[in-house]
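>>> kindly return the folded structure for what I paste below:
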Amino acid sequence: GVFHQEHGEWKLMEILKGRSNITAYSAIADEKGRVWLAYPELKTVALWDNSRVQAFSAANGLTIGAVDPFSVDGSILWAGGELGLAYFRDGRFQTLESADPAGFGGVSAIIPVRGDGLWLNRPSGIVHIPQGELDLALRDTRHAINVENFDLISDLPELPLLGPMASAVRDAGGILWFATPRGVARIDPARIRRNPLAPPVAIRSAVADGKPYPVSQDAVLPPHTRNMHIGYAGLSLSIPERVRALQTGGIGQRLAGCRKPARCLPHQPGSTKVHVSRYRQQQRWHLE
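You can find the predicted model right below:
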């Protein structure tokens, strides 16, 4: 259960009506002195505010499944769940959208860094949500967030340790520490070396309704063209897994992941430019 110390005595609290024997796995106090408690077994979060209790679940907007870690950053409460990442603001929870199909599920630690966004501990590794992406998501709930990944492919000698105990912390000097099965991983956000070179990108082929068209010159498609396939390639000898094509411009089609070739539908008659965007980590470049 949950206990509260008052006047030197510990008292068993009935946070959830009729469920005083249920233990909260996580608890945190926000800047207003309110206490948030996570009940993963019930997929419920409770807010205790001076003896008043409000419960949140899928029925009233908390759609990230069982919640475990909390983190407070000013007026915003962050909650990590088995299905995603959410924040509480203006009386309700809002789930963050991810540009990566893997999403934000399974977070075991959340570290807000003022001016540098959020750092997350996930089963796949360490995830960094840059401040710019976070600001966009807080302004527009539909924004799909692009992240930096630190994992076995790029940086980590082994995956972080997950579990109910604290698995990541930020020290007084701003260094981030992540527990691993055989030690710790250390990240200094102020000293991360990033590759500023854009990967070369080329559109290799274009096929409309089964007919190939040259890519070195403007292509004129016949009326009522129904399907178009665009083949493209990007080169990265360091970490090819980090080069991803996420979207095309000018044809009204958003792509998912590294799907190749791009399949799209030409929109209204007229001249159309096709752009293929390539990403390495959180940076993006265009080829027209």
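
>>> contacts, neighbours, all on C-alpha from now
Fine.

>>> quick check, pLDDT for the closest residue to Arg89 other than its chain neighbours.
Nearest residue to Arg89, sequence neighbours excluded (C-alpha to C-alpha, 6 or more residues apart in numbering): Ile76, at 5.9 Å. pLDDT, Ile76: 94.

>>> how near is Ile76 to Ala29?
For Ile76, the distance to Ala29 equals 12 Å [C-alpha to C-alpha, to the nearest Å].

>>> name the element Ser71 belongs to?
Under the criterion of DSSP states H and E, Ser71 resides in strand 67-73.

>>> which parts of that strand are buried?
Val67, Asp68, Pro69, Phe70, Ser71, Val72 (16 or more other C-alpha atoms under 10 Å).

>>> now the last one, which residues is it bridged with?
Partner residues in beta bridges with Val72, using DSSP bridges, are Leu77.

>>> tell me the contacts of Val45?
The neighbours of Val45, taking C-alpha atoms under 8 Å, 6 or more residues apart in numbering as the test, are Trp36, Leu37, Ala38, Tyr39, Ala55, Phe56, Ser57, Val67.

>>> rewinding a little: neighbour count winner among Ile76 and Ala29?
Ala29 (17 against 14; other C-alpha atoms under 10 Å).

>>> the more buried one against Leu47, yeah?
No: between Ala29 and Leu47 there is no contact under C-alpha atoms under 8 Å: 9.6 Å.

>>> tell me where the stretch 51-200 of the chain has helices.
131-139 (DSSP state H, counting those that start in this stretch).

>>> any stretches of it with poor pLDDT?
163-166, 195-199 (pLDDT under 70).

>>> can you give me the strands for it?
For the stretch 51-200 of the chain, the strands defined by DSSP state E, counting those that start in this stretch occupy 52-56, 67-73, 76-81, 85-89, 92-95, 97-98, 109-113, 117-122, 125-129, 144-145, 148-150, 168-170, 176-180, 183-187.

>>> relative to Ser216, which of those is closest?
Smallest distance to Ser216 across these (C-alpha to C-alpha): 32.7 Å, for strand 144-145.

>>> just give me the neighbour total for Pro214.
Pro214: 11 neighbours (other C-alpha under 10 Å).

>>> also Gln5?
With other C-alpha under 10 Å as criterion, Gln5 counts 10.
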